[in-house]
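Q: Here is a sequence together with a model predicted from it:
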Amino acid sequence: MDARTAVVPFRTVWRRRAAALAGLVITAGSLAACGSAGSTGAADGAGSTAPSASASASAQPSAPASPSPSDSPTATPAPTGPGIAVGEPAPTAVKLPATGYQVQNGTELTVYFFGGVCDKYGLRADESMTGQVRVRVVIAKTADPGKECPRLVKQESVTAQLSKPLDGRKVVDLASGTTLGLSGDMPGGPR
């Protein structure tokens, strides 16, 4: 015969149940006491009958002591951005490598890349170097906090207006460091 099939006296069952109930009552009482530990009669002098050394002769109530930094709601540093926990470093810039480009009307540069479906993207084009246009795809607006967003990546495009026509200048992606090639509509999608 093992412990599961053994006959247990009726009194033992009730003792176990009573002990479990007493444990629950003690746990609930201690949890309730934790929430009210901030104001006890002895701590603020309400239950004390002896005069204290800090009692003042004036009838005006004394001003409360300055709050400690731990009591102040502004004592903890604010998050540095959406989704950043207090104390964590700021995230690094997201690198969105471009896959190709097209030019319309000589000065309208469209760059293609793969990105998420909820963020809004922008294009930064730097024409300061001779013989090339350096581009970087950036996140212009992140998804709204709390908005459901599927983890889906698709080919996106962003457009920038150049100050002068491309005219044979190379288009260099700053995220990957590569020179981009012309993109066309590929039958059957990307390869």
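A: Right, received. Where do you want to start?

Q: Just name the shakiest helix or strand of the protein by mean pLDDT.
A: Comparing every helix and strand of the chain by mean pLDDT, DSSP states H and E singles out helix 41-44 as the least confident one, with a mean of 45.

Q: so where's this structure uncertain?
A: When residues are selected by pLDDT under 70, those of the chain lie in 1-14, 28-93, 184-191.

Q: just the helices in it please.
A: When assigned using DSSP state H, the helices of the chain occupy the ranges 10-35, 41-44.

Q: Setting aside sequence neighbours, what's the nearest residue to residue 162?
A: Ranked by C-beta to C-beta, 6 or more residues apart in numbering and with sequence neighbours excluded, the top spatial neighbour of residue 162 is residue 107, at 4.4 Å. C-beta here means a position set from N, CA and C on the backbone, and glycine is covered the same way.

Q: Number of residues surrounding the one you found?
A: Under the neighbour criterion other C-beta atoms under 10 Å, residue 107 is assigned a count of 14.

Q: How about residue 156: what's its closest non-neighbour residue?
A: Taking C-beta to C-beta, 6+ apart as the measure, residue 156 lies nearest to residue 115, with 4.6 Å between them; neighbours along the chain are not counted.

Q: Please name the residues that touch that neighbour.
A: Counting by C-beta atoms under 8 Å, 6 or more residues apart in numbering, residue 115 makes contact with 96, 121, 137, 153, 154, 156.

Q: Format the residues you listed as JSON lines; extra columns: distance to residue 145 and neighbour count.
A: Formatted as JSON lines, the entries for those read as follows, by distance: C-beta to C-beta, whole Å; neighbours: other C-beta atoms under 10 Å:
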{"residue": "96", "distance to residue 145": "21", "neighbour count": "22"}
{"residue": "121", "distance to residue 145": "19", "neighbour count": "17"}
{"residue": "137", "distance to residue 145": "23", "neighbour count": "25"}
{"residue": "153", "distance to residue 145": "21", "neighbour count": "11"}
{"residue": "154", "distance to residue 145": "22", "neighbour count": "8"}
{"residue": "156", "distance to residue 145": "22", "neighbour count": "17"}
